[in-house]
Every structure is written in C-alpha cells, then in structure tokens.
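Colleague: sequence first, then the predicted structure:
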Amino acid sequence: MSESPALIPLDPVSHKRSFADRFHNETTAWVVLAVSLGITLISWWLSNSYVAQRGADRFDFEVQKAVQAISKRMQEYEQVLRGGIGLFVSSDEVTREDWRHYVGTLEIERYWPGIQGIGYAQMIAPAELAEHVATIRASGHPDYAVRPPGERDQYSAIVYLEPFSGRNLRAFGYDMFAQETRRAAMSQARDSGAPALSGRVVLVQETEQDVQAGFLMYLPLYRHNLPLDTEEQRRAALRGFVYSPFRAGDLFQGILGADTPYLDFEIYDGDEVAEGARLHATGGFLRHDGHPGFRATRNIGLPGRNWTAVFQSTRELEAQMESAQPLIIGIGGVFVDLLLFVVIWSLAESRRRATEAARALASLVAARRLAASVFDNAREGIMVTDHEARIVDINPMFTGITGYAREDVLGRNASVLKSGRQDRPFYVAMWAELLSQGHWQGEIWNRRADGGVFPAHLSISAVQEPEIGATHYVGLFSDITEQKNRERDLEFLAHHDALTGLPNRMMLMQSMAVATAQVRRMKHRLMVAFLDLDGFKPINDQLGHDAGDEALIMVGNRLRQALRTGDMAARVGGDEFALLLFERKAGETGKALERVLAVLGQPYPLEGGTMSMSASIGCTVYPDDDSDPDGLLRHADLAMYEAKSAGGNRVVRYVPDNGESRD
C-alpha cells in the first residue's frame, strides 16, 4: 500500500487507467466496509469471550478456594478427634476431669469455630446397662438415664461431652446407636476403623429457636491389645466412639464467614441435590436473587460421606468482572470501518484523497501489528502446544522465566518443564478436567533449564475447532516464588518475635496446651519459667534503644544455646521471656535454669560499650501445679517478682500448696 502513490499517473490527460483508478471506486468501498465490519465483529466477539472467560476463571477460583476450605477444615476436625483417641490409648483410664481438661486445652471456641463439642459415646451391652446407669448416677448425676428408653440388642450412651454446658447438656445419656442415620455412620466407622460422617440429622442439642440442620463425625475407639485385622475383630473390639456434633449453619459460617462477598452456595448431604438433604444455604439462595452469571456444582469427598455443593456468583463478583473493553472495541471498530469506507469512497472522486486513504490503511495495519505484539510483550510466560502437547511456540517471557531458549523447546513435549513434585494422579486429574472442561488452572511446580524448580500459577485453555476438537493448547503462567516467600514470612511472623526470632506469646500458649496434655499422658513433669532481665534499662538509657535491641538478640541466641533439644524459649514482652522445660529425670530442669543464669550473666559486648545483665527467674512445675496454661504462666510470673525483689540473679519456685514461693 505504501507504494500505491507511485503508480498514479502524473499526466492528467493520460487515458491509461492506473491500478489506483481501478481500485478506488464505489464497489471497492462497499467490499472493504463489509470486510472491515466482519473483522470488527470478530474482534468484538473475541474480546467479549475473553471477558466472559476471565469471569468464569475467577468464579472457578473462588469455588475451588471454598471447596478446599471446607475439605481442609473437616480434615482438621478429624485430627481433633484423633487427639481424643490418643488420650484414651495413652491412658489406663480417662476420667471426666481428664476429658474436660483435654478439650479445654484445645480452646475449640477460639481455634475450631463451628464445632458444637467433642464427646465420647460408650457402647453398652444389654446385660451391662443397669450397672452402667448406676455407676454414672453414683458419680454425681442422680437423674442420669440412657435415652430413648426401651429394650435393644445394643446400646450406646454419650457419657462425655465438652463443653458440658448449654445445649450440650441435652445430649447427656443419649443413645445415638438407636437412631437410624447416626447408627449407619457409627457402623461404618466401626467396621472400617476410619472416621465417618453421618447424614443430615437434627441434633438433640437443638432448642425451639434457631433450629439448624446438623451432622456428626465419628472415630471408633477399640479396646487395647485386641486384633483389628477383620471386620468381625473390629466389631468385637469396639469400645465406643470419640465424636463431634456440628450445627451446619455455625460450621459453614466458621469456615467461610458469615457473608461471602463473591459466592452464594448450598450444601447438600449426599451425591444429589435434594431439598430434604439440604444442610445449609446462604442468603442469596434463600432470597432467589435473580439469575446468577455463573453457577457450578461440586462434589466434596469427606470421611465416609459425600456432599454436593451448588455455587453461584454474587452481584459483587459479577460487577468486578464487568469490562467496557468489548464495547470500546465494537464502537471503535465500527468507527474505524466507517472512516475507511468514507476515505475509499472519497478517493474515487479525488486523487488527493487517495493518498489520505493509503495513510489511513497504513495506520490500520500498524494498529493490527501492535495488537499482534501483545504475545511478545506479555508479562506472563506463554506456551502454545499442538494437540499432543508438543511445543509449537513460546514468547520471550517464557525464556525469561524458565531459561529455555526457543530452539531448545520447539517440538519437545511440554513435560520438559515437569519438576517431579507432582505425582501421576495430579496430572491425570489435570488432563481429565482440561479435556472435559476445555480449561484448567492451578498452582504447579516447574523446572528451569538450570535444574532449579519454582512455583507457578498456570492457566491452560484448549483451542477448539468444530467437528475436530482441541487442535492446540495455550498455557499462560507466572513465577509466584515471591508470593510464596511472602506467605511463608507472614506465617513465621504470626508465631515468632520479629526481633529475636523466638516464638511469641501466641505460639507459647499453644505449645503449653499441647505440652501439658503430653506430660500427663507420659507421666513426666513440665517446668514453666518466667524470666525478666536485671539491668536491661541502663542499656537503653546509656547506649540507646539500638543497643537494647542488640542485647535482646544476644539474649535470644544465648537461650537457644543453653536449652536442650525439645525445650522452648519464647519472648513474651519487652525484656521478659518464658521457658518450657521437660523434666524426664529429677533435677535436670534445675540444672538447665542454672545454665541459663550462667550464660545470661556473661558480659554483653555492645556497640558503645560492654554491659552486664543477669536474670530473675520464677518457675512452677506441672502437674504439681495443676493449672491451665494461663495459670501456670501467671504463677511463674509471681515467683519471678519474688526473685527480683530478693535482689535478682536467682531462681524462685512457686509452691502450689500455699501459694508461696521458695528459692
């Protein structure tokens, strides 16, 4: 097109028609307009499809995130029940107080939202029923009875359920084995030895207000030292069940929040959507808020049970995914097409306008070339393969991320990036979804040309041809190493002190809850010590706060060196630290505290001068001091103040019998 003007004859009287004379006419103008409008229509359709696909991908991401959150939370609740099984297995006898103490240390209302309680249901033979009832009544529950009444071949009774208050009091003595839905789940758990969820029930804890659908999770407890290889052996060895009841509404609010901004959802018990099996529905489903832009059904596999979840997008999500891009392309394209038509039409009347039309066409070509360059300038790596996953094209960012040059990968299978960190079932599932849905996205580990691996967010889309199917696959990925590093750093800072790197108070309290349960089972002792530095304030006053921070870092390093493997030091305040010391042999924790006093009493070479500090330490020993973690730390703190009042640089132990302390 740029050479066209040279073909225009300069002689105005020439009778020979040039190429421009033949081209610049009304018929050509109409043909060009029709073709341009067709191109604009295709461009608008592609842009509109891209916006719709982006919305679908975002919706799929939100759905997958919700499904993973539900599955992960139910796995965590299974681990809570396994802790209860461990308590029974490690103890000759678990009393009501032991059970209350164990569940109390878990702080389920704080760390496990949605769980109604943790209980133990004992299996009772008909001949043992009268003795069982008499034993429970003699333990301080004179009105106790196994409910519902009546003669049965097998009984069960809820004997432990914590928190033992409020709604949970209604379940005391209830025979869950007498109810068909609960019995089916209990039998499945008993025969398989694995956890099992029940179907939809109304919990006995429900009152007349705020009635919710419920379900229960069971984990079987077998008698010690009995074979469990066959189903008959497991039935004969069954002792009872550690279980948890769940109110569905409270559970899903605890998992996904009271108001999910991007998704409305319904959860059904079983493999089908049936009104009588609905466990929970958000407000959008209950209100029937119009027609959602996106809707999906997912099956959630849980222990011994499947749930069916129906998700639909909310107006908030659809508003975020809306874009004016297709409208701009459509209007702009039509405008350009009409302009081109007018230019060519005008060129039929004026040779001067022929030059302007050529320039307009050249600009249009340049614009289309600019659009094609997006592939080369994308910030994500792009890989195009044929239908057999052989690489046919890559963009420069692919080379920048992986280190593979274009000539290194063309013709090779996309598995050249395989890191080995995903197993075969992962790729089987990925290809199954790609072939059935036409796209797949998720996180994956890839391998660079130098052998190093990196995490990537990968999105694969199939290029479909009618009556042929997928002819190519387009993979778009980005390196998310920095994102993963930030997540790891945030996880570390949530449980550690930013200055010293020691565990913080939150991690200390969690570790104390686990440690107290452990030492009770193992018949060991646990020393909890509270440490305050003597002489720290002069360092800040004389050398400044930077020197004070340097001194605290040195204290943290010295505590790590002084403690044994398995013990723990944490920073709980400005110059206050706490220690957890396991005592397996008499006197070893006392020697450990002597080492701590010795290393902390050594000089501190700081910028600006060498300073000296010592430590005042208060301690208490569990289970001699049978307090909860907060009480143990408070008693150690009281003893520390006595050590400091006595001049510091010493250890004072709290005596639980009279509340006094001694050196």
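Modeller: Everything's here; your move. Numbers count the residues shown, from 1 in each chain.

Colleague: Asp406: neighbour count?
Modeller: Actually, residue 406 is Arg. It isn't Asp. As a burial measure, Arg406 scores 13 neighbours (other Cβ atoms under 10 Å). Where C-beta positions appear, they are placed from N, C-alpha and C, glycine not excepted.

Colleague: so how far is Arg379 from it?
Modeller: Arg406 sits at a distance of 18 Å from Arg379 (criterion: Cβ to Cβ, to the nearest Å).

Colleague: what of Ser139?
Modeller: Distance check for Ser139 against Arg379: by Cβ to Cβ, it reads 69 Å.

Colleague: for the helix or strand hosting Ser187, packing partners?
Modeller: In this assignment (DSSP states H and E), Ser187 forms part of helix 180-192. Contacts defined by 3 or more Cβ pairs under 8 Å, 6 or more residues apart in numbering; DSSP states H and E place helix 180-192 against strand 196-197, strand 214-222, helix 231-237, strand 238-247.

Colleague: quick check: which of these is nearest to Gln464?
Modeller: For these, proximity to Gln464 was assessed by Cβ to Cβ; strand 196-197 is nearest, at 39.5 Å.

Colleague: the residue lying closest to Gln205 once chain neighbours are set aside: neighbour count?
Modeller: Sequence neighbours aside, Arg167 is the residue nearest to Gln205 in space, at 3.7 Å (criterion: Cβ to Cβ, 6 or more residues apart in numbering). Other residues within reach of Arg167, judged by other Cβ under 10 Å, total 16.

Colleague: buried residues of stretch 515-532, list them for me.
Modeller: By neighbour count on 16 or more other Cβ atoms under 10 Å, the buried set for stretch 515-532 is 515-517, 519-520, 525-532.

Colleague: check which helix or strand the residue nearest in space to the middle of the chain maps to.
Modeller: Taking Cα atoms, centre = their mean as the criterion, Ala69 is the residue nearest the geometric centre of the chain, at 5.9 Å. Using DSSP H and E, Ala69 falls within helix 26-89.

Colleague: mind giving me the packing neighbours of the following helix or strand past that helix?
Modeller: Note on helix 26-89: by DSSP H and E, the next helix or strand toward the C-terminus is helix 96-106. Contacts defined by 3+ Cβ pairs under 8 Å, 6+ apart place helix 96-106 against helix 26-89, strand 118-124, strand 155-162, helix 505-522.

Colleague: pick out the shakiest of the ones you listed, pLDDT-wise.
Modeller: For the helices and strands packed on helix 96-106, mean pLDDT drops lowest on helix 26-89, to a mean of 83.

Colleague: so how far is that helix from its chain's centroid?
Modeller: Taking Cα atoms, centre = their mean, to the nearest Å, one finds helix 26-89 lying 18 Å from the centre of the chain it belongs to.

Colleague: check stretch 177-192 too.
Modeller: The chain centroid and the centroid of stretch 177-192 are separated by 31 Å under Cα atoms, centre = their mean.

Colleague: contacts for it, please.
Modeller: With contacts defined as Cβ atoms under 8 Å, 6 or more residues apart in numbering, stretch 177-192 is touched by 121, 123, 148, 150, 152, 154-156, 176, 195-201, 216, 218-220, 231, 234-235, 238, 241, 304-305.

Colleague: 6 Å instead, please
Modeller: 148, 154, 156, 176, 196, 198-199, 201, 218, 220, 231, 238, 304 (Cβ atoms under 6 Å, 6 or more residues apart in numbering).

Colleague: and stretch 474-484, by the same measure?
Modeller: Counting by Cβ under 6 Å, 6+ apart, 380-384, 401, 454-461 sit against stretch 474-484.

Colleague: just send these back as TSV, with pLDDT, secondary structure and distance to Gln188 too.
Modeller: Output for these, formatted as TSV (pLDDT from 0 to 100; DSSP: H, G, I helix; E, B strand; the rest coil; distance: Cβ to Cβ, whole Å):
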residue	pLDDT	secondary structure	distance to Gln188
Glu380	87	coil	47
Gly381	89	strand	47
Ile382	93	strand	49
Met383	90	strand	46
Val384	94	strand	49
Ile401	91	helix	48
Phe454	88	strand	43
Pro455	91	strand	38
Ala456	89	strand	40
His457	88	strand	39
Leu458	91	strand	38
Ser459	88	strand	39
Ile460	92	strand	38
Ser461	91	strand	41
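
Colleague: can you redo the helices and strands packed on helix 96-106 as TSV with distance to Ala319?
Modeller: TSV is the format used below for the helices and strands packed on helix 96-106 (distance: least, Cβ to Cβ, whole Å):
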stretch	distance to Ala319
helix 26-89	10
strand 118-124	42
strand 155-162	45
helix 505-522	37
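
Colleague: just to revisit the earlier point, buried residues in the helix holding Ser187, which are they?
Modeller: So for helix 180-192, counting by 16+ other Cβ under 10 Å, buried means 181-183, 185-191.

Colleague: ok, back up a step: list just the nearest of the buried residues of stretch 515-532 to Trp112.
Modeller: Using Cβ to Cβ, Ala517 is the member of the buried residues of stretch 515-532 that lies nearest Trp112, at 15.4 Å.

Colleague: state the distance from the closest one to Gly631.
Modeller: 15 Å.

Colleague: mind checking the SS state of Gly311?
Modeller: Rather than Gly, residue 311 is Phe. Using DSSP: H, G, I helix; E, B strand; the rest coil, the structure places Phe311 in strand.

Colleague: list the contacts for it?
Modeller: By Cβ under 6 Å, 6+ apart, the neighbours of Phe311 are 63, 263, 265, 296.

Colleague: and the last one, what are its bridge partners?
Modeller: Okay, so that is Ala296. Phe311 (DSSP bridges).

Colleague: next one: the third one
Modeller: When bridges are assigned using DSSP bridges, the partners listed for Phe265 are Phe311.

Colleague: tell me which residues touch it, please.
Modeller: Phe265 neighbours (Cβ under 6 Å, 6+ apart): 282, 309, 311.

Colleague: min pLDDT across the residues you listed, which one?
Modeller: Thr282 (79).

Colleague: got the phi and psi for that residue?
Modeller: Main-chain dihedrals, Thr282, degrees, to the nearest 10: phi -80, psi 170.

Colleague: what is the neighbour count of it?
Modeller: Thr282: 22 neighbours (other Cβ under 10 Å).

Colleague: identify the residue nearest it in space, chain neighbours excluded?
Modeller: Asp264 (4.7 Å).

Colleague: select, out of the helices and strands packed on helix 180-192, the one closest to Arg505.
Modeller: Nearest of the helices and strands packed on helix 180-192 (Cβ to Cβ): strand 238-247, 28.3 Å.

Colleague: wait, a helix at Asn168?
Modeller: Yes: counting by three-state DSSP, Asn168 is located in a helix.

Colleague: I'd like the distance between it and Arg100.
Modeller: For Asn168 relative to Arg100 (Cβ to Cβ), the value is 12 Å.

Colleague: same question for Ile118.
Modeller: 10 Å.

Colleague: any common contacting residues for those two?
Modeller: Residues touching both Ile118 and Arg100 (Cβ under 6 Å, 6+ apart): Glu162.

Colleague: so between the two, which is more surrounded?
Modeller: Ile118 (26 against 14).

Colleague: picking up where we left off before, Gly648: which of the buried residues of helix 180-192 is nearest?
Modeller: After measuring the buried residues of helix 180-192 against Gly648 - Cβ to Cβ - the closest member comes out as Ala189, at 57.1 Å.
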